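*Asks:* Quick one: sequence and predicted model below, then my questions.
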Amino acid sequence: MGRRNKIIGSFAEAIADIPDGATIAFGGFAGPGTPYNLTRALLAQGAKRLTCIANTTGGAHVPRMPDLGMLVENGQVAKVICAFTAATRPTDVLPFTKYYDSGEVAAELVPQGTLAERLRAAGAGIPAFYTPTAVGTELAEGRETRVIDGREYLLEYALPCDYAFIRAWRADEAGNLQFRLAQRNFCPVMATAAKTVVVEVEEDILPAGALDPDQIHTSGIFVQRLVKIPPAPEGLWTIRRQERAK
Amino acid sequence: MGRRNKIIGSFAEAIADIPDGATIAFGGFAGPGTPYNLTRALLAQGAKRLTCIANTTGGAHVPRMPDLGMLVENGQVAKVICAFTAATRPTDVLPFTKYYDSGEVAAELVPQGTLAERLRAAGAGIPAFYTPTAVGTELAEGRETRVIDGREYLLEYALPCDYAFIRAWRADEAGNLQFRLAQRNFCPVMATAAKTVVVEVEEDILPAGALDPDQIHTSGIFVQRLVKIPPAPEGLWTIRRQERAK
Amino acid sequence: MSATTAKGWDRQQMADRLAQEFQDGWIVNLGVGIPTLCSNTDIGDRDIIYHAENGVIGYGPVLPAGQEDLHLVNAGGQNVSLNPGAAIIHHADSFAIIRSGRIDVTVMGAYEVAANGDFANWKIGGARGGGIGGAMDLAACAKRVFIILEHNTRKGEPRLLRDCALPVTARGVVTLVATNLGLFAPTGDGFAVRELAPGVTFAAAQAATGAPLTEHP
Amino acid sequence: MSATTAKGWDRQQMADRLAQEFQDGWIVNLGVGIPTLCSNTDIGDRDIIYHAENGVIGYGPVLPAGQEDLHLVNAGGQNVSLNPGAAIIHHADSFAIIRSGRIDVTVMGAYEVAANGDFANWKIGGARGGGIGGAMDLAACAKRVFIILEHNTRKGEPRLLRDCALPVTARGVVTLVATNLGLFAPTGDGFAVRELAPGVTFAAAQAATGAPLTEHP
């Protein structure tokens, strides 16, 4: 293990082969774990008709970091699958909204736990499962439900993807990953759901064997490509870390 | 967190309340993670008509350690749910077999991955899921299947339990657990499936906050009772560790 | 129907009042907005574990600028601290905890709450998309759903109603509602007044509510 | 039908021969018994990751007594070593890897293999219970299923058959079989002879087999 070189020199190179029409999952939740650098590289790379899976369509951060909304604005997105496709505060307007309202981009709105579980199912060879979430709501209208032990459940299907873009704290050459604190969020689950996993890594990439086998959050067997994030301003960090680095 | 005292002074006390008819999951796989001490205490405690969930009905180790087979021989078991209810080598005979053949004890034979996933489902609020495992076999006869994207899958239901008995390497007072190497196996999954989780712990129990929050294998919110394993011969270790300690 | 003249509780007071209901040993999930203020409340001796959807179990107060750990946020994106005994898990495991009924209470904001315990908080009238986040999972699966919201819209319309007009998040799940006017419990036909904020009269609360109020027994 | 007179390969040779088929980069799961001997085979430059059902990813050779780590076993309960880059996961995550089709090959023992790729390895004729372990998950979901078994039973009965007589573990999945007599591939109607062990003739192999053999093209 680890003899296979997974380390790629640049974000551009790591995502160069992404074809039009690909399905990509983007890790991250409220900042930590978000693959800002890979997203920026994808904006430059220009692949079109993408299906993008993430917690939110983005646009909430000020100053704004590379997000799904920018890919939408750049004309690269056919569909988003997210837990937020509109703001919950009437005064907020997401960048995505006007593209959705105009019909330019499609959207599938999925409860956050169902989104995580559908990704997990894809990575676990489970084609479909039942969940109590969203029963009795607009999201369940016209869909298959089933009563089990007296409670009604909704049938949900696995959500596989071609690529996952995630950010990790540490990695070794075998592709084993560690996430720090809230950076973990969707990242390990998306890594299991994707055919190709591309990771931007905060710390220097370690030799295989440097990480304790008991303390790996994502096994290297899921990970194909690792890119070390260069220091700011070349590499994008969280907003505040980037500001500090200036 | 951690102010609630989860530390129990003895194995007997930790399992004293187990009623007749309880469903108990036993961690462990080929030795590591097996709750030998809790199982021995349950043999003494004497609860009857138990449903026991484990990888195997036991009896393979020489010298023999406390296992499900002993609970069966002790007249405490109504049913086992296992991935092994008979030996695969014609020359081996499990202690369980004669009780099963005579109809004294019932058995549900479950593929190992389905067993793990049914426990995981119980701990994840998923009442049922589809799996490709066992399709076209005797185990699928008369059961509900479904074709999804051209492949046939079997419907499986969650497997919740009243208690899980597991063995961990380290614990803190909040009930957070770490397993060492192959000790992990079924233990974290069973911990999520059970109402009450009882853990025999190899190392001294640490104060809350002593374990890195990024390196917890089972969160303390699942764990109710911790018992430190005393040195051999009072405490049972793996066969060979016990022998060494003599 | 007009808004009451007494302003009642402010946002922190609403959160403080609901946090008084948290019982020792509870695992509590706090939604974005006013609910997050509950973790500022002094809960005294009670042992409360705050759980966030992003897999942070056992977080503590929000940290001031300069002291934050930028890898650590709660579900609202605030940089919080960790209490001793905290643990980090991934998103699927975090929602496994939610769906398996281990959250003792979820506290959320809402646009509307109905007398039968329905509530709506994910889709604004007329909008095409929505912002569900973890609300549907939490609402369907937590042992209790508490709601904090302003008693009336900016236009003075009631938010406590006989029936929700907006698409619901879950049905029949709300058991307690804190507003600026007081503490209310859905009864099926209306709301029982558990407590009124200082200066708020029953009549004023009734006038601001879109369903019958009853005195709490 | 009688057993061949040439004994052919021993157990380690059968394992060695199958291990030659492992390709660089494969993730390999080895069943209990003869298959575990594959991890003793020198695989040269090839980068092979051994996966065990109990969540051990990247294990190496079995360690001699006194050098074992008693917390570390493969699926057969042997105390193995770890290669650099190893990782430990729990049982549900381990079978998630299996079911999602990431195991390039699973190597198992069996009682019977049929010409159509069915095989049986979990239930002895007449037994009430069975020993499935992870075999059904692996057989249904791995990219390839290889079988190692003695060509004949102790009574001299063939184990490579037109149809399985015993209850099957999975249907139509076996693509390669190593026995003491050689290497065989199910073709639907019979088995193609990929290779014969030294001293074993085609006629002898056919005589020991319960289905037609064909020369490998």
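*Replies:* Structure received.

*Asks:* and the strand ranked longest in chain C, anywhere near chain B?
*Replies:* Counting by DSSP state E, the longest strand found in chain C is strand C:80-88. Yes: in terms of Cβ under 8 Å from any Cβ of the partner chain, part of strand C:80-88 sits within range of chain B, namely C:82-88. No exception for glycine: its C-beta is placed from N, CA and C like everyone else's.

*Asks:* Distance check, the residue of chain C most remote from its centre against chain A.
*Replies:* Farthest-out residue of chain C from its mean C-alpha position, per Cα atoms, centre = their mean: residue C:66, at 28.9 Å. The gap separating residue C:66 from chain A is 10 Å, by Cβ to the nearest Cβ, to the nearest Å.

*Asks:* Is that residue in a helix, a strand, or coil?
*Replies:* At residue C:66 the chain is in coil, as set by DSSP: H, G, I helix; E, B strand; the rest coil.

*Asks:* give me phi/psi at it?
*Replies:* Main-chain torsions, residue C:66, degrees, to the nearest 10: phi 100, psi -30.

*Asks:* Spatially central, which residue of chain A would that be?
*Replies:* residue A:26 (1.7 Å).

*Asks:* contacting residues for the spatially closest residue to residue A:95 that is not a sequence neighbour?
*Replies:* Computed as Cβ to Cβ, 6 or more residues apart in numbering or on different chains, the closest residue to residue A:95 that is not its neighbour in sequence is residue A:69, at 3.6 Å. By Cβ atoms under 8 Å, 6 or more residues apart in numbering or on different chains, residue A:69 lies in contact with A:57-59, A:94-96.

*Asks:* To which secondary structure element is residue A:69 assigned?
*Replies:* helix A:68-73 (DSSP states H and E).

*Asks:* Drop anything exposed from the residues of strand C:80-88 next to chain B.
*Replies:* Listed as buried from the residues of strand C:80-88 next to chain B are C:82-88; burial here means 16 or more other Cβ atoms under 10 Å in any protein chain shown.

*Asks:* Can you name the two of those residues that sit furthest apart?
*Replies:* Farthest pair in these (Cβ to Cβ) is C:84 and C:88. Separation: 14.0 Å.

*Asks:* for chain B, what are the nearby residues on chain C?
*Replies:* Checking chain C against chain B by Cβ under 8 Å from any Cβ, the hits are C:25, C:27, C:47, C:49, C:51, C:57-58, C:82-89, C:92, C:95-102, C:141.

*Asks:* Give me the sheet partners of the longest strand of chain C and which way each runs.
*Replies:* Next to strand C:80-88 in the sheet, as set by DSSP bridges, lie strand C:56-62 (antiparallel).

*Asks:* which other residues reach the partner strand?
*Replies:* A:181-182, B:1, B:174, B:213, B:219, B:221, C:36, C:39-40, C:49-52, C:72-74, C:78-89, C:97.

*Asks:* Return the set of buried residues in it.
*Replies:* Buried, per 16+ other Cβ under 10 Å, within strand C:56-62: C:56-59, C:62.

*Asks:* Over to stretch C:201-212?
*Replies:* Applying 16+ other Cβ under 10 Å to stretch C:201-212 flags C:204-206, C:208-211 as buried.

*Asks:* Establish whether the helix or strand where residue A:227 lies and chain D are in contact.
*Replies:* If you go by DSSP H and E, residue A:227 is part of strand A:225-228. No: Strand A:225-228 is not in contact with chain D by Cβ under 8 Å from any Cβ; minimum separation 12.7 Å.

*Asks:* List the buried residues in that strand.
*Replies:* Quick answer for strand A:225-228 (16+ other Cβ under 10 Å): A:225-228.

*Asks:* just curious, which of these is nearest to chain D?
*Replies:* residue A:226 (12.7 Å; Cβ to the nearest Cβ).

*Asks:* For that closest one, list each beta-bridge partner.
*Replies:* residue A:7, residue A:199.

*Asks:* residue boundaries of the strands in chain A?
*Replies:* A:23-26, A:50-53, A:77-82, A:106-109, A:128-131, A:145-148, A:151-157, A:161-168, A:170-171, A:177-178, A:194-201, A:225-228.

*Asks:* In JSON lines: those, plus mean pLDDT and distance to residue B:122.
*Replies:* Formatted as JSON lines, those follow (pLDDT from 0 to 100; distance: least, Cβ to Cβ, whole Å):
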{"stretch": "strand A:23-26", "mean pLDDT": "98", "distance to residue B:122": "27"}
{"stretch": "strand A:50-53", "mean pLDDT": "98", "distance to residue B:122": "27"}
{"stretch": "strand A:77-82", "mean pLDDT": "98", "distance to residue B:122": "27"}
{"stretch": "strand A:106-109", "mean pLDDT": "97", "distance to residue B:122": "28"}
{"stretch": "strand A:128-131", "mean pLDDT": "98", "distance to residue B:122": "13"}
{"stretch": "strand A:145-148", "mean pLDDT": "98", "distance to residue B:122": "12"}
{"stretch": "strand A:151-157", "mean pLDDT": "98", "distance to residue B:122": "14"}
{"stretch": "strand A:161-168", "mean pLDDT": "98", "distance to residue B:122": "27"}
{"stretch": "strand A:170-171", "mean pLDDT": "98", "distance to residue B:122": "33"}
{"stretch": "strand A:177-178", "mean pLDDT": "98", "distance to residue B:122": "28"}
{"stretch": "strand A:194-201", "mean pLDDT": "98", "distance to residue B:122": "27"}
{"stretch": "strand A:225-228", "mean pLDDT": "98", "distance to residue B:122": "36"}
